[in-house]
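S.K.: I would like to see how this sequence folds:
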Amino acid sequence: MVLPVEPEFEQALNELTQSLQPFLAANPRYQKALDIVQVPERVLQFRVVWEDDKGVPQVNRGFRVQYNSALGPYKGGLRLHPSVNLSILKFLGFEQIFKNALTGLSMGGGKGGADFDPKGKSDSEIRRFCAAFMGELFRHIGEDTDVPAGDIGTGAREIGFLFGAYKKLKNEFVGMLTGKGLDWGGSFIRPEATGYGLVYFVEHMIAKACPEFSLNRPTTIVAISGSGNVSQFTALKVLELGATVKSLSDSKGSLIASKGFTKADILSIGQLKLKGGTLESWAASQSGDRFAYHAGKRPWTLLPVVHHALPGATQNEVSGEEAAALVAAGVRVVAEGSNMGCTEEAIKVFEEARRDGKGVWYAPGKAANCGGVAVSGLEMAQNSQRLAWTTEEVDSRLKGIMAEAYTQCLKAGAKWSGETLVGDVLPSLLAGANVAGFIKVADAMREQGDWW
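M.R.: Numbering: from 1, shown residues only. Reported below is the predicted structural model:
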């Protein structure tokens, strides 16, 4: 069910389909489930007309892909970025189905957003856009129907404006969005959840595959891409544990810290990013020679030694050539903080290195970065109870969810990868994540009469 103009969705579907082949060969009846699950239950597209500060009407395209509700209400973020189109949102929504399944929480899969660019807009313009966007979206969402969240371009400010617009339209205060402020229904650890959860997942991978490169050792070198919410909290957790973070990046280029970033560096960059600043401008404001900025480059080819690589920016940010460079630099763990952060060519390089016994282990985003949506699910649970859990309780539950997601992927990868594991060859977490998530969703769909 792929259209010629949907390259991102086609890539996501191909990855899942290839991973499922050994399972489908042994269980051919599930082919019908695959045929059906790839078609969204509902796709919404609508016009968003808003007024800029000059009083001029502007128009954008709004979307919501309600992909699958077999396991619970549709759940997935709202992306505000000029690149947003139906292909990207279908890919993200499709991935979200199986990511949410791996959390073990009652959440279906969906994704939405608009081709609106918050950068360069005033707070008033963003508020008016959010009100116009919610003026259509409110008809299709709700705490038991579809619970959107933040994503690229949709932070705390935008979630607040969207929630306020919904409340005015519906005259009710319910948990129909996650990522809310702590004083009005939000959860502790939610901003940190994707980054922290990624590190918790990686710790399990390291413990099995390469404990000599533990994150509690300063000699362990970690390369991170991106400098937004996910990358910042990934870096802060890695630094808290004791390893060394040597790279961050943004859409303009990469920043390399020869002796590693400090916690103060990351917090300073976080403040700059809230104001729309760039890493280039931040590096220029720093004294000494601790940092080297590389315009137009991603970090993967800029470090001679990398033990763990954690892409955290956007889709397809690691190419086949860059993957080969990471393998040559001695990378042991590659785990995606971003959704589909590696190209098909890059995944092929990492998986071949794993099968060749080189000790490289790749974890796809649907498993490694499911911590964000997991805590969104915990926020939904707290809203339903009208309670707020402590930071420690949420963090403990997040650790448990990431441990269970890792175990599911490991077991399914060992059983259904179609490989004969010899010696020190590690199971495929790519196959494991896809098969484990798919079986859970497909079985629920069959029991609910969606296929037979």
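S.K.: run a quick neighbour tally on residue 333.
M.R.: 25 (other CB atoms under 10 Å). (C-beta placed from N, C-alpha, C; glycine too.)
S.K.: the residue lying closest to it once chain neighbours are set aside: what's it in contact with?
M.R.: In space, and not counting its chain neighbours, residue 333 is closest to residue 308: 4.4 Å by CB to CB, 6 or more residues apart in numbering. Contact analysis of residue 308 by CB atoms under 8 Å, 6 or more residues apart in numbering lists 202, 206, 213, 215, 220-223, 243, 331-335.
S.K.: now swap in residue 340 and tell me
M.R.: Applying CB under 8 Å, 6+ apart, we find residue 340 in contact with 8, 11, 12, 15, 91, 95, 315, 316, 364, 365.
S.K.: how about a cut-off of 10 Å?
M.R.: Going by CB atoms under 10 Å, 6 or more residues apart in numbering, residue 340 touches 8, 11-12, 15, 88, 91-92, 95, 311, 314-317, 347, 364-366.
S.K.: now it: how far from residue 99?
M.R.: 11 Å (CB to CB, to the nearest Å).
S.K.: which residues are common contacts for the two?
M.R.: Both residue 340 and residue 99 are contacted by 92, 364, 365, 366, under the criterion CB under 10 Å, 6+ apart.
S.K.: adding pLDDT and neighbour count, write those out as TSV.
M.R.: Output for these, formatted as TSV (pLDDT from 0 to 100; neighbours: other CB atoms under 10 Å):
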residue	pLDDT	neighbour count
92	94	28
364	96	29
365	95	23
366	95	30
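S.K.: of all pairs in these, which one spans the longest distance?
M.R.: Maximum pairwise distance in the shared contacts of residue 340 and residue 99, criterion CB to CB, is 13.4 Å, between 92 and 364.
S.K.: what touches both of these two?
M.R.: Taking CB under 10 Å, 6+ apart as the contact rule, residue 92 and residue 364 both touch 99, 339, 340.
S.K.: kindly indicate which of these lies nearest residue 34.
M.R.: Distance to residue 34 across the shared contacts of residue 92 and residue 364 (CB to CB) is lowest for residue 99, with 17.0 Å.
S.K.: re the thing from before, what's the closest of the shared contacts of residue 340 and residue 99 to residue 229?
M.R.: Closest to residue 229 out of the shared contacts of residue 340 and residue 99 is residue 365 (14.8 Å), distances taken as CB to CB.
S.K.: which residue is the nearest non-sequential neighbour of the closest one?
M.R.: residue 336 (3.7 Å).
S.K.: show me the contacts for that neighbour.
M.R.: For residue 336, the contacting residues are 198, 309-312, 315, 317-318, 342, 347, 362-369, by CB under 10 Å, 6+ apart.
S.K.: could you list which of the contacts of residue 340 belong to strands?
M.R.: If you go by DSSP state E, these have nothing in strands.
S.K.: was I right to think residue 428 contacts residue 414?
M.R.: Yes - using CB atoms under 10 Å, residue 428 is in contact with residue 414, at 8.5 Å.
S.K.: with neighbour numbers in mind, choose between these two.
M.R.: Higher neighbour count among residue 428 and residue 414: residue 428, with 28 against 15, using other CB under 10 Å.
S.K.: distance check, that one against residue 412.
M.R.: Applying CB to CB, one obtains 9 Å for the distance of residue 428 from residue 412.
S.K.: need the residues touching each of the two.
M.R.: Jointly contacting residue 428 and residue 412 under the rule CB under 10 Å, 6+ apart are 19, 434, 435.
S.K.: mean confidence score for the helix ranked longest in the chain?
M.R.: Assignment by DSSP state H gives helix 391-416 as the longest helix of the chain. Confidence over helix 391-416 (mean pLDDT, whole number) is 97.
S.K.: so what's the closest residue to residue 128 other than its chain neighbours bridging to?
M.R.: Sequence neighbours aside, residue 50 is the residue nearest to residue 128 in space, at 4.8 Å (criterion: CB to CB, 6+ apart). Beta bridges link residue 50 to residue 58, judged by DSSP bridges.
S.K.: for residue 50, what are its contacts?
M.R.: When contacts are counted by CB under 10 Å, 6+ apart, residue 50 touches 56-60, 116, 121, 125-133, 135.
S.K.: mind doing that once more with 6 Å?
M.R.: Residue 50 makes contact with 58, 128, 129, 132 under the criterion CB atoms under 6 Å, 6 or more residues apart in numbering.
S.K.: in strands only, show me the residues you listed.
M.R.: Here DSSP E is the test, and the contacts of residue 50 give residue 58 as lying in strands.
S.K.: nearest to residue 44 among the contacts of residue 50?
M.R.: Closest to residue 44 out of the contacts of residue 50 is residue 132 (15.0 Å), distances taken as CB to CB.
S.K.: count the neighbours of residue 312 for me.
M.R.: When neighbours are defined as other CB under 10 Å, residue 312 has 29 of them.
S.K.: what score does it have for pLDDT?
M.R.: Residue 312 is given a pLDDT of 96.
S.K.: residue 138 versus that one, what's the distance?
M.R.: 32 Å.
S.K.: same check on residue 369?
M.R.: Distance, residue 369 to residue 138, by CB to CB: 28 Å.
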